[in-house]
Each structure stands twice: as C-alpha cells, then as structure tokens.
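Let me see the structure of the following:
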Amino acid sequence: MNFDRLNPKESVGFLSWKASRVFANDLAVRFAEAGVKITVEQWRALLPAYKIDGLTQGRLCDMLSQEKTGVSRLVAALEKHGLVRREPGDDDRRVKCIYITKKGRELVDFTLDIVLESRAAIVRHVDPEDLAVCKRVLWQLIEPHLDEACCMRNESC
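Numbering: from 1, shown residues only. Next up, the predicted model:
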C-alpha cells in the first residue's frame, strides 16, 4: 500500500478537521480561563437555541450535523447546567422543544467576545484575502451537502 499518497498537507479533510480542532482547543482554554463551565461542543449546541426559541432536538441534530444520541447528551448537559429547558411539542408530545433560559442567554452574551477574540487570534497571521478565499472554498465544499432542514442554508446560524 502506498501511504505516500496520504500526505496530510494535501488532504482537505485532514486540514479542515485539524483547523477545527485548533479553533476548539483555543476556545476551550479561553473558556477555562474565563471560568466558563461548559465545553465548546456544549456552547455550539447552545448557540442555535439562543437564536431560535423552541427549536426541536431533531432540528438541532440537523444544524449540528450530529446523531440524535450525541445531541441528546449535549442538551441534557445544558439542561443540568440550567442553560436550557426541554418541553414536549404542542402537536406531538414525543417531540422535545428546546428553550434557552435567562442563564443560558447570559452565558452566550458573556462568551461572545471570547469566541470572537479566539477566532481573531487564530487567523491573525493569515492574509485577509487568503482567508476570504479559504472561507469561500470551504463553503463551496459544504453547501452542496446541506439539506433543507439545516438552518445554515436558510438562516443565519
């Protein structure tokens, strides 16, 4: 088998995954320094609830591109922290709707500057034009694979 063809610097999949880890790890450190007691993954699940009141867990799964069990665990952890509450749906009681609490809104408001500072710090050495091209190309890779249930296509998540 010729493993030379698996050069990580030539793999868009590896590079995008590694860049994602760099962002997440930096943000985790900043959250810890600021005394934020949730994980980056939990924060990413909290953000759509901040933007869309009454979001269903199923829709959150689509938005996060994650399986139901993983999202259920994330939401349960957020609920345990008092950041969201789950309520049965009006039409179907099996459907769980997610509502952000006042404490959850306050946490998102508090962390927003931390997130923006983290992003800026990581890309500070990248030429702005190169960064714009990178974002455009990554979006060209992502967009065809989004389904209509994902808010990224129709709403600003």
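
Strands of the chain, start to end?
Under the criterion DSSP state E, strands of the chain are mapped to 55-56, 84-88, 96-100.

tell me what the last one is packed against?
Right, strand 96-100. Contact here means 3 or more CB pairs under 8 Å, 6 or more residues apart in numbering; DSSP states H and E; on that basis strand 96-100 packs against helix 40-51, strand 55-56, helix 57-64, strand 84-88. For every residue, glycine as well, the C-beta is placed using N, CA and C.

CSV for these, including mean pLDDT?
Formatted as CSV, the helices and strands packed on strand 96-100 follow (pLDDT from 0 to 100):
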stretch, mean pLDDT
helix 40-51, 95
strand 55-56, 91
helix 57-64, 90
strand 84-88, 92
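
rewinding a little: rebuild the strands of the chain as TSV, extending it with mean neighbour count and distance to H145.
Converted to TSV, the strands of the chain look like this (neighbours: other CB atoms under 10 Å; distance: least, CB to CB, whole Å):
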stretch	mean neighbour count	distance to H145
strand 55-56	18	21
strand 84-88	15	28
strand 96-100	19	24
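
want to throw these into a markdown table with distance to L6?
Shown next, in a markdown table, are the strands of the chain (distance: least, CB to CB, whole Å):
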| stretch | distance to L6 |
| --- | --- |
| strand 55-56 | 39 |
| strand 84-88 | 41 |
| strand 96-100 | 40 |
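
ok, and the closest non-adjacent residue to C134?
V126 (7.7 Å; CB to CB, 6 or more residues apart in numbering).

got the helices and strands packed on strand 96-100 as JSON lines, with distance to L116 columns?
Converted to JSON lines, the helices and strands packed on strand 96-100 look like this (distance: least, CB to CB, whole Å):
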{"stretch": "helix 40-51", "distance to L116": "13"}
{"stretch": "strand 55-56", "distance to L116": "23"}
{"stretch": "helix 57-64", "distance to L116": "20"}
{"stretch": "strand 84-88", "distance to L116": "23"}
